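> The following block contains a protein sequence and its predicted model.
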Amino acid sequence: MKIGILNSGGDCPGLNAVIHGVVGAANQRGWEVIGFRDGFEGLLPPGDYTVLKPHDTIGILKLGGTILGTTNKGHFTTKIGKGDIAEVPAEIVAKAKRTMDQLGIGALIIVGGDGSLTTALQLYHEGWPVIGVPKTIDNDLSATAMTFGFDSAVSTVVDGLDRLHTTAASHKRIMVLEVMGRHAGWIALWGGIAGGADVILIPEIPFSFEKIAAFIKRREAGGHHSTLVVVAEGAPMPEGELVTLDANCSGEVRLGGIGERVATRLQSLTGKETRSCTLGHLQRGGAPTSLDRILGMRFGVMAVNLAAEGTFGHMVSYQAYHVDSVPISEAVNQLRLVQADGELVQAAKAVGICMGD
Ligand code: F6P
């Protein structure tokens with residue numbers, strides 16, 4: 001058996017761990033692994049790929065990014081605008097299929113987020129032997145309790161907050177940290193709690209500047225002269241506006257800029273000196289944490305197991321400390337969001353964190 005693997009969408013710590021898992025497990029079965037470069041684009045004639053042998057994966061577990069390259073634009077984009085779905089054109093699918101057939105690929109492992117898995121689902125419906133592996137730092141995919149990359153991103157947020165804390169305390173300032181996560185607040189919530197944030201603003205909980213300012217004034221009165229605020233890039237302003245940058249090539253909306261807006265408003269409402277900092281792609285880069293290395297590796301091994309069983313159209317999934325699989329259709333087009341009244345938010349509030357509401 002010959003299997004293919006590609007990484008699609010944004011890079012994410014742990015992608016190389018998946019490749020490590022796939023190549024190792026496939027090698028045990030005597031299978032050949034073809035790694036397609038730059039996502040689905042590598043499938044287009046004449047094909048851009050490499051044969052992956054175990055010695056090619058030595059030392060890659062600790063590397064961020066992906067040795068295969070990836071892209072979140074190009075011919076196979078299915079997510080446009082604010083989440084609208086497009087189909088990959090039939091002639092593109094046909095060209096890519098020719099490469100699959102010429103190489104004799106019996107299973108194609110697609111490692112990607114919501115958009116890439118939507119493409120995977122279309123290909124499955126058109127008869128391709130696809131297996132999905134969920135990937136995103138945002139941790140917003142349905143049907144899996146966790147995606148690799150999330151823990152690494154959270155660690156970067158925590159490191160950022162630890163650093164901002166010292167400046168906030170020394171200067172008696174409000175420091176605002178803007179973090180990624182798109183329309184889900186997982187990175188902000190986990191990173192904020194673990195990093196000791198005083199205020200956490202997430203897309204799932206509408207916030208009021210007046211309430212945050214009142215909270216900060218109460219802190220002042222209580223002798224706490226600095227405040228750390230974490231805001232998720234996808235948290236809408238109180239008026240409902242999403243703060244965005246320009247649209248990227250795939251047409252998907254780029255979020256960013258809310259940190260500065262929050263800082264400006266809080267400074268004017270509290271009279272306290274306020275600064276904002278955007279972590280940006282630092283959250284996506286660098287070495288994966290041990291959790292993400294292990295999760296990625298296990299996902300890769302499970303993907304090979306699914307290929308051996310012929311369980312196509314499924315996505316590897318992590319549930320209750322166990323790696324299993326679910327139909328891709330259960331995982332896409334439905335974001336897994338933070339529950340506004342869930343246990344985690346309640347716990348944050350119980351320790352005195354202001355969620356802006
Ligand atoms: O989905 C992962 C993510 O890092 C988001 O958190 C962020 O909004 C987006 O990708 C950034 O994408 P790009 O790398 O295209 O700027």
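Perfect, thanks for sending it. Numbers count the residues shown, from 1 in each chain.
> any idea how far the ligand is from residue 64?
13 Å (Cβ to the nearest ligand atom, to the nearest Å). From N, CA and C alone the C-beta is placed, and that goes for glycine too.
> Just to check, that residue is in contact with residue 292?
No. Distance between residue 64 and residue 292: 9.7 Å, which falls outside the contact criterion (Cβ atoms under 8 Å).
> what is in contact with those two at once?
Here residue 64 and residue 292 share the contacting residues 13, 152, scored by Cβ atoms under 8 Å, 6 or more residues apart in numbering.
> Just give me the neighbour total for the spatially closest residue to residue 310 that is not a sequence neighbour.
In space, residue 310 comes closest to residue 129 once its chain neighbours are excluded; the distance is 7.8 Å by Cβ to Cβ, 6 or more residues apart in numbering. Neighbourhood size, residue 129 [other Cβ atoms under 10 Å]: 19.
> next one: the one 10 residues further on
Residue 139 has 25 neighbouring residues, counting by other Cβ under 10 Å.
> How about the one 3 residues further on?
Other residues lying near residue 142 total 17 when counted by other Cβ under 10 Å.
> any idea how far it is from residue 180?
The gap separating residue 142 from residue 180 is 19 Å, by Cβ to Cβ, to the nearest Å.
> what do you get for residue 42?
Following Cβ to Cβ, the distance that separates residue 42 from residue 180 is 26 Å.
> Of the two, which one has the most company?
Looking at residue 42 and residue 180 with other Cβ under 10 Å, you find the greater number of neighbours at residue 180, namely 27 against 24.
> The residue nearest to residue 310 and residue 107 touch, don't they?
Yes. Residue 129 lies in contact with residue 107 (Cβ under 8 Å); the separation is 4.9 Å.
> what touches both of those two?
When contacts are counted by Cβ under 8 Å, 6+ apart, residue 129 and residue 107 have 307, 312 as shared neighbours.
> Setting aside sequence neighbours, what's the nearest residue to the residue of the chain found nearest the ligand?
Across the chain, the shortest distance to the ligand (Cβ to the nearest ligand atom) belongs to residue 180, at 3.2 Å. Distance criterion Cβ to Cβ, 6+ apart; nearest residue to residue 180, sequence neighbours excluded, is residue 283 at 5.1 Å.
> so what's that neighbour scoring on pLDDT?
What the model reports for residue 283 is a pLDDT of 97.
> what about it, neighbour count?
Residues near residue 283, counting by other Cβ under 10 Å, number 25.
> And the residue nearest to residue 286 when sequence neighbours are not counted, how close does it get to residue 48?
On the basis of Cβ to Cβ, 6+ apart, the spatially nearest residue to residue 286 that is not a chain neighbour turns out to be residue 64, at 4.8 Å. Computed with Cβ to Cβ, the distance linking residue 64 and residue 48 is 22 Å.
> so what's residue 64 up against?
Listed by Cβ under 8 Å, 6+ apart, the contact set of residue 64 reads 11, 13, 16, 152, 284-288.
> Just the element for it, please.
Per DSSP states H and E, residue 64 falls between elements, in no helix or strand.
> go on, residue 300?
Taking DSSP H and E as the definition, residue 300 sits inside helix 290-309.
> Quick one: mean pLDDT for that helix?
Average pLDDT, helix 290-309: 98.
> and whichever helix or strand comes after that helix, what does it pack onto?
Once helix 290-309 ends, the next helix or strand along the chain (criterion: DSSP H and E) is strand 314-319. Under the contact criterion of 3 or more Cβ pairs under 8 Å, 6 or more residues apart in numbering; DSSP states H and E, the helices and strands touching strand 314-319 comprise strand 130-134, helix 290-309, strand 322-327.
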